[in-house]
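Novice: Sequence plus the predicted model coming up.
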Amino acid sequence: MKKLILFISAVFSPMLSADLLEEVTHGYADNNGVKIHYVKTGQGPLVVMIHGFPDYWYTWRHQINALKENFTVVAMDQRGYNLSDQPEGVAAYAMPNLVGDVAAVIKHQGASSASVVGHDWGGAVAWQVAFNLPQMVDNLVILNLPHPSGMARELATNKEQQKNSAYARRFIKGSPTDRDIMFGGPMSAAGLAGWVKDEKDRNHYIEAFKRSSFAGMLNFYKANYPSTDNPSPVADANGTPRLPMPVLIFHGLKDTALHSNGLNNTWDWIDNDVTIVTEPNAGHFVQQDAAQLVSQTMQWWLSTRTP
């Protein structure tokens with residue numbers, strides 16, 4: 001099968017985003033008794049968006065604005081976050097449950113498949129939805145989370161990535177009240193929202209994090225984060241199936257948690273076209289740092305691959 005491998009490196013100024021809080025409708029999907037909150041707007045083919053850590057559905061506000069004219073956009077709160085249920089225990093956050101949450105959201109729209117978009121932990125979940133339920137993924141869009149095989153390789157061989165992952169090892173071993181769990185302090189709503197640049201948006205985040213489970217956030221790491229000696233269900237370098245759907249990847253090159261070397265050889269693990277977009281001035285939250293680039297590219301890319 002012919003592959004398109006397109007590397008784009010560009011600089012765009014951020015796009016202003018309308019406040020969607022009053023526009024979106026709210027809903028809940030059920031996955032074995034766990035209610036997953038989502039917001040919905042737009043019309044057209046279904047796009048499901050999955051946030052990472054520490055975040056919630058509002059992270060996609062710029063992309064929702066860009067896509068809603070031509071797509072039905074559903075942005076979910078992962079379990080443990082904001083208005084979704086917050087089950088207790090590490091096992092509740094194991095990857096099969098997270099994959100099931102996305103499947104439940106898709107089915108709750110009366111759909112059998114969707115374009116799936118994920119950032120950070122949402123990216124990890126999106127990869128796994130594509131591996132385990134490929135029939136439910138029309139197109140796959142990943143932001144700042146390398147393919148699991150690339151991630152496993154970098155954790156095993158890249159000392160810089162190993163250093164960058166020190167925070168994750170603290171999360172795996174620690175608890176929300178530890179004095180050093182969050183770069184010098186315990187977990188708090190304000191601390192978790194500290195990365196959000198706009199004050200008004202940051203206040204929305206603080207309120208969302210006050211409604212969230214800090215223990216649940218850490219359980220994503222405890223249940224799933226790969227290590228150098230045990231690749232784990234998230235990053236089994238030898239066991240991931242090849243993907244049949246088109247894949248679009250964004251990566252902010254100033255990411256201090258996930259090294260861009262993890263992108264290398266992504267095209268070797270995908271049997272369809274692969275588009276990789278790097279942004280030199282964006283960090284981990286590329287969907288906000290390079291909002292216009294991400295939104296416009298995503299809109300174009302999905303429009304050319306969606307009937």
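Specialist: Perfect, thanks for sending it.
Novice: hang on, residue 219 in a helix?
Specialist: Yes - under DSSP: H, G, I helix; E, B strand; the rest coil, residue 219 falls within a helix.
Novice: Could I get the contacting residues of it?
Specialist: Residue 219 makes contacts with 80, 89, 90, 92, 93, as judged by C-beta atoms under 8 Å, 6 or more residues apart in numbering. From N, CA and C alone the C-beta is placed, and that goes for glycine too.
Novice: Make a ChimeraX selection of the buried ones in these.
Specialist: A single ChimeraX command selects the buried members of these (16 or more other C-beta atoms under 10 Å):
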select :80,90,92,93
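Novice: Apart from its neighbours in sequence, what residue is nearest residue 28?
Specialist: Excluding its sequence neighbours, the residue lying closest to residue 28 (C-beta to C-beta, 6 or more residues apart in numbering) is residue 35, at 4.6 Å.
Novice: and the one helix or strand that neighbour maps to, what's its mean pLDDT?
Specialist: Element membership for residue 35, per DSSP states H and E: strand 34-42. Average pLDDT, strand 34-42: 98.
Novice: Show me what that strand is packed against.
Specialist: The contact analysis (3 or more C-beta pairs under 8 Å, 6 or more residues apart in numbering; DSSP states H and E) places strand 34-42 against strand 25-31, helix 61-67, strand 72-76, helix 95-108.
Novice: rerun at 10 Å
Specialist: strand 25-31, strand 46-50, helix 61-67, strand 72-76, helix 95-108 (3 or more C-beta pairs under 10 Å, 6 or more residues apart in numbering; DSSP states H and E).
Novice: In JSON lines: the ones you listed, plus distance to residue 306.
Specialist: What follows is these, written out as JSON lines (distance: least, C-beta to C-beta, whole Å):
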{"stretch": "strand 25-31", "distance to residue 306": "22"}
{"stretch": "strand 46-50", "distance to residue 306": "9"}
{"stretch": "helix 61-67", "distance to residue 306": "11"}
{"stretch": "strand 72-76", "distance to residue 306": "11"}
{"stretch": "helix 95-108", "distance to residue 306": "15"}
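Novice: could you redo those as JSON lines and give each row mean neighbour count?
Specialist: Converted to JSON lines, those look like this (neighbours: other C-beta atoms under 10 Å):
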{"stretch": "strand 25-31", "mean neighbour count": "16"}
{"stretch": "strand 46-50", "mean neighbour count": "27"}
{"stretch": "helix 61-67", "mean neighbour count": "24"}
{"stretch": "strand 72-76", "mean neighbour count": "27"}
{"stretch": "helix 95-108", "mean neighbour count": "21"}
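Novice: Dump those to TSV, plus distance to residue 218 and mean pLDDT.
Specialist: Shown next, in TSV, are the helices and strands packed on strand 34-42 (distance: least, C-beta to C-beta, whole Å; pLDDT from 0 to 100):
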stretch	distance to residue 218	mean pLDDT
strand 25-31	20	98
strand 46-50	18	99
helix 61-67	26	96
strand 72-76	20	98
helix 95-108	14	98
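Novice: Quick one: closest of the ones you listed to residue 202.
Specialist: helix 61-67 (13.1 Å; C-beta to C-beta).
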